[in-house]
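Enquirer: sequence plus the predicted model coming up.
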Amino acid sequence: MDNEFRHTNPEIDVHAMGEMHEHPTWKEYKWVALILTLITVVEVWVYYTPFSKSALFVPALLIMSAVKFAIVVLFYMHLKYDHKLFKALFTGPLMIAMATLISLMFLFGKFSGR
Amino acid sequence: MATAVASHAHPPTSTGLDHRKIAIWAFIGSECMLFASLISTYLIYKGRSVVGPFPHDVCDPPKCATHLNAILNIPVTSISTFVLLMSSLAMVLALAAVENRGKPGYEGILGSSKFWLLMTAILGTTFLGFQAFEFTSFVHEGLTIRTNLFGSSFFTLTGFHGAHVTAGVLWLLTLLAIDIKRGLQPKDALLVDISALYWHFVDVVWIAIFTLVYLIK
């Protein structure tokens, strides 16, 4: 493994854990939590506004949800900082899962109004 | 190869990575497909229930025997979503406390893995309490797993998620017991990291469920 990153704590075996960079500090985690909370507040707020009848309501919710999903995976699950094998093990099945979901929706006519 | 600690050495692997961490990522990948199939089923059946109660719409006679309100309780679920998000914060702080034990800046509460593990377990249990309240109120309002397509797909999807949260809470309590008994040290960081990955995955699944099931009408 070509990982030259060393954890500030020498007892941590960063190679076994697949850490390629130092993980965020508690201050950064706190900001991540605040951003996640704010997005959730906006999601719930738009649900109760007239915007919920707009054609943009569903895409807006899906984008906000995807952003929250990505933030948790990248920062809390440390995928941004960890070995590329872990990225492949997660994103590969996730792509298959999304393709399956969309295919099934087409197959059962959810996009054609049937 | 820079660091290798004898006390924490793992069997040699072709990747240099610990088997357990590869295994948890592979497991999480497979869980993505499980939950995608459950969410697909919910979305396909959405709007196809013949009888009420319905998730977002009221149901009046003659379609329903009596007047039935929209059944989803968005304010309560929003609070439980916030609780689960905060549990993820507590989980990363538990991992940071173990990894940085004894380092400057991680004294007191911030460096107490016991506190953060306990907080995560409490928040997870609170989420389960909200789910139990929701399920009970749905049954009282006439929605069971056998009532209609919405009930079947909703209880299956959220029930599976709740079972995962329950397993996560038990896992966290096990770690907490180890921490109380002998104290989790930086060399044990991988044990906490693996359980944290599972816990955060349960959180991201709920992020998807909250939007697709509760907010999209």
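Expert: Received it, and whenever you're ready, just let me know what you need.

Enquirer: so, low pLDDT: which residues of the chain?
Expert: Here I'm looking at chain A. Residue ranges of chain A with pLDDT under 70: A:1-12, A:15, A:20, A:113-114.

Enquirer: my bad, the chain I had in mind was chain B
Expert: By pLDDT under 70, the weakly predicted segments of chain B are B:1-11.

Enquirer: can you pull out the helices in chain A?
Expert: Using DSSP state H, the helices assigned to chain A run over residues A:14-17, A:26-47, A:57-71, A:84-107.

Enquirer: those helices into TSV, with extra columns for mean neighbour count and distance to chain B?
Expert: (Glycine included, C-beta is placed from N, CA and C.) Below are the helices of chain A laid out as TSV (neighbours: other C-beta atoms under 10 Å in any protein chain shown; distance: least, C-beta to the nearest C-beta, whole Å):
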stretch	mean neighbour count	distance to chain B
helix A:14-17	25	4
helix A:26-47	16	4
helix A:57-71	17	4
helix A:84-107	15	3
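
Enquirer: any chance of the ones you listed in TSV, plus distance to B:Lys114?
Expert: Listed next are those as TSV, based on distance: least, C-beta to C-beta, whole Å:
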stretch	distance to B:Lys114
helix A:14-17	22
helix A:26-47	16
helix A:57-71	27
helix A:84-107	28
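
Enquirer: to B:Asp57, which of these lies closest?
Expert: When the helices of chain A are ranked by proximity to B:Asp57, the top entry is helix A:26-47, at 14.6 Å, counting by C-beta to C-beta.

Enquirer: before we move on, the earlier item: nearest to B:Thr126, of the helices of chain A?
Expert: The closest approach between B:Thr126 and any of the helices of chain A, judged by C-beta to C-beta, belongs to helix A:26-47 at 16.0 Å.

Enquirer: relative to helix A:57-71, how tilted is the closest one?
Expert: Here the directions of helix A:26-47 and helix A:57-71 differ by 170 degrees (axes from the mean of the first three to the mean of the last three C-alpha atoms, to 10 degrees).

Enquirer: return the distance of stretch A:28-42 from the chain's centre.
Expert: Relative to the centre of its chain, stretch A:28-42 is centred 13 Å away, using C-alpha atoms, centre = their mean, to the nearest Å.
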